[in-house]
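Asker: everything below, folded, please.
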Amino acid sequence: MASKAAHKRLAKEYVSMQKEPPPFVWATPDEKNILTWNYLIRGPPDSPFAGGEYHGVLIFPAEYPFKPPGIKMFTPSGRFQPDKKICFSMSDFHPGTWNPAWSVATILTGLLSFMLSDEMTTGSVTSSDGHKRAYAARSHSHNLTQPRFREAFPDYCTDALRDLPNMGERERGKPDAVATPTSPMSPSPFSPSISRSTTATQQPQVCDRRLVAQAPATTTTSHASDVVNSSSLASTNKPTTTPQGWTGQLRQVLWEKWRWGVLIAFAVIVSRLSSSP
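Answerer: Model prediction:
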């Protein structure tokens, strides 16, 4: 049974795998036991494993992430013995070199890299590139006959080989897909809030009434403040109104007469100055 720390860590890694799956690998926990993860590895192009589909399992200890997992590959590959534990630096054969910061994605990326090498170890076999290509060509049809594969990856039980969510397009300099393909399993009880059919770049729908109803709220507040500011400016720049009543009218008449008198006097002075020799 998983410890609280192991359960929390693996649930977090499941979410991370959904959001950013590594190139050519995919993994998902068993719905009944989060310590057991089924994985798929696709053979990268320009390798003897190109076109191959390799199913295996990660068996995590209850003390994970402080202890490494056991690793098996079920699909015949010409590189590893089927259903035998594989010894490499991230497996339970080497607890002394294990780093608790390593994750499911790290382990599977390391396993793929080790698979592409020629290093011999416990659980590995020797075969030619021709044999590896032959195994790759038969791998998907072999997987379809295996109950463990059909139970773990029902969405990949198709006649045609289906791409994993990340087939290394970005790593090869090609544009990313608009959306991540759906996960092969139904929603896991380990993370009920994560919908496996949700795309990585999902955008809000314009026709969502809730979004439409919320959007003007900020605008209304902004407009309200603009109205207040405009009113304040208008009141500041508004000319002084003429006082009402007969006293105000009298002052206005006197002011007009005085102003015209000053202007006439100024005009006479200017005229005299300009006509003087």
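Asker: I'd say Y39 and V25 touch.
Answerer: Yes: here Y39 lies in contact with V25, judged by CB atoms under 8 Å, at a distance of 6.4 Å. Every residue, glycine included, has its C-beta placed from N, CA and C.
Asker: mind listing what's buried in stretch 95-113?
Answerer: For stretch 95-113, burial by neighbour count (16 or more other CB atoms under 10 Å) applies to W98, W102, S103, V104, A105, I107, L108, T109, G110, L111, L112.
Asker: contacts for that stretch, please.
Answerer: Residues from elsewhere that reach stretch 95-113, judged by CB atoms under 8 Å, 6 or more residues apart in numbering: 10, 13, 16-17, 20-25, 27, 37, 39, 41, 44, 58, 65-69, 71, 86, 88-90.
Asker: in PyMOL, select just the buried ones from these.
Answerer: Provided next is the PyMOL selection string for whichever of the contacts of stretch 95-113 are buried by 16+ other CB under 10 Å:
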select buried, resi 10+13+17+21+22+23+24+25+27+37+39+41+44+58+65+68+69+71+86+88+90
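Asker: for the protein, which spans come out with low pLDDT?
Answerer: Residues of the chain that meet the criterion pLDDT under 70 lie in 170-260, 263, 266, 268, 270-277.
Asker: could you pull out the strands for it?
Answerer: 25-29, 36-42, 53-59, 70-73 (DSSP state E).
Asker: contact partners for E13?
Answerer: By CB under 8 Å, 6+ apart, E13 lies in contact with S103, V104, A105.
Asker: for G52, what are its contacts?
Answerer: If you count contacts by CB under 8 Å, 6+ apart, then G52 has R42, G43, T75, S77, K132, Y135, A136, A137, S139 around it.
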